[in-house]
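Colleague: fold the following and give me the result.
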Amino acid sequence: MLRRSAFTLVEILVVVSLIALLSAILLPALRSARESARTTVCLANLHSVGQGSAGYLVANNFPPYFDDAITLRGENWAYSWSDFLVKGRYLSCEVNADMIPSPGRPVGPLGVYLAGMLSQRSRVFQCPSQREHLWGEVASEPVSYRADYVVTGHENSLPVAGVYRARRFYEDPRLIWMGEAFTTLGGLSSREYVRETQLHLDNNEVNPLRHRGSSTYLFADGHAVRDITAHKVDWRNLTFPWEPS
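Modeller: Numbering: from 1, shown residues only. The predicted structure is shown next:
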């Protein structure tokens, strides 16, 4: 009796169709699960930043901020909020904090120190859903030239608005202090942040909303959330959660 040693064309087509069907069902779910995991890591990072910032606030009676000494005072350094946290050991990370210059002192082997260039190579300052980075190396140290997160509340490079407006707002759970970045700057005004987010979206650039059409935000009291509506406001007339009423 003859035995069939191969699949028929119909059987092969059925198997291929079943594989295609299963892929169509499972791949979106897999992508969603991966993005959920990345969002969880992003929120955990922001929560860690919030905890470190709380320690900085207790010690300095002011939240970490963006200090552009290059522009404001003609110095050869600028400090990001992340530099304050890492240099002061308010946040543990894998970056060599000793390589970050102390404010107002000689820069050392890195030459001109740009805000966050060392500190923001730490994973805690990186959003796992950000796929494009401006990374490099200076004096054998890995550096970053663009933040994944940016603080709001700055006007003319000074921390004077939003969370920074008055002591009673430093830990206000209603106020957004940090959002996902789309700029090389370390600090922005709340108006700039909201307006730039809207412009990026108008141009079909989804970078500000990296998590399935939403963004993650860190509030002044240290809690972090994923939100899809925070940017949908009139940037000319901001109130909470961006600016105090």
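Colleague: return the distance of the host helix or strand of A24 from the chain's centre.
Modeller: Per DSSP states H and E, A24 falls inside helix 9-60. Centroid displacement of helix 9-60 relative to its chain, using Cα atoms, centre = their mean, to the nearest Å, is 17 Å.
Colleague: list the helices and strands the helix or strand following that helix packs on?
Modeller: For helix 9-60, the succeeding helix or strand toward the C-terminus, using DSSP H and E, is helix 69-73. If you count contacts as 3 or more Cβ pairs under 8 Å, 6 or more residues apart in numbering; DSSP states H and E, helix 69-73 packs onto no helix or strand. (Glycine included, C-beta is placed from N, CA and C.)
Colleague: list the contacts of I70.
Modeller: Neighbour list for I70: N76, W77, A78, V112, L114 [criterion: Cβ atoms under 8 Å, 6 or more residues apart in numbering].
Colleague: excluding chain neighbours, what is closest to the third one?
Modeller: Spelled out, that is A78. A115 (4.0 Å; Cβ to Cβ, 6 or more residues apart in numbering).
Colleague: run a quick neighbour tally on that neighbour.
Modeller: For A115, the neighbour count with other Cβ atoms under 10 Å is 24.
Colleague: same question, the one 10 residues further on
Modeller: Applying the criterion other Cβ under 10 Å, we find 26 residues in the vicinity of F125.
Colleague: and for G74?
Modeller: By other Cβ under 10 Å, 7 other residues sit near G74.
Colleague: how near is it to D68?
Modeller: 11 Å (Cβ to Cβ, to the nearest Å).
Colleague: if I pick the residue nearest the centre of the chain, what's in contact with it?
Modeller: In the chain, the residue lying closest to the centroid (Cα atoms, centre = their mean) is Y149, at 2.5 Å. Y149 makes contact with L46, V49, F125, C127, M178, G179, E180, A181, L218, according to Cβ under 8 Å, 6+ apart.
Colleague: cool, thanks, talk later.
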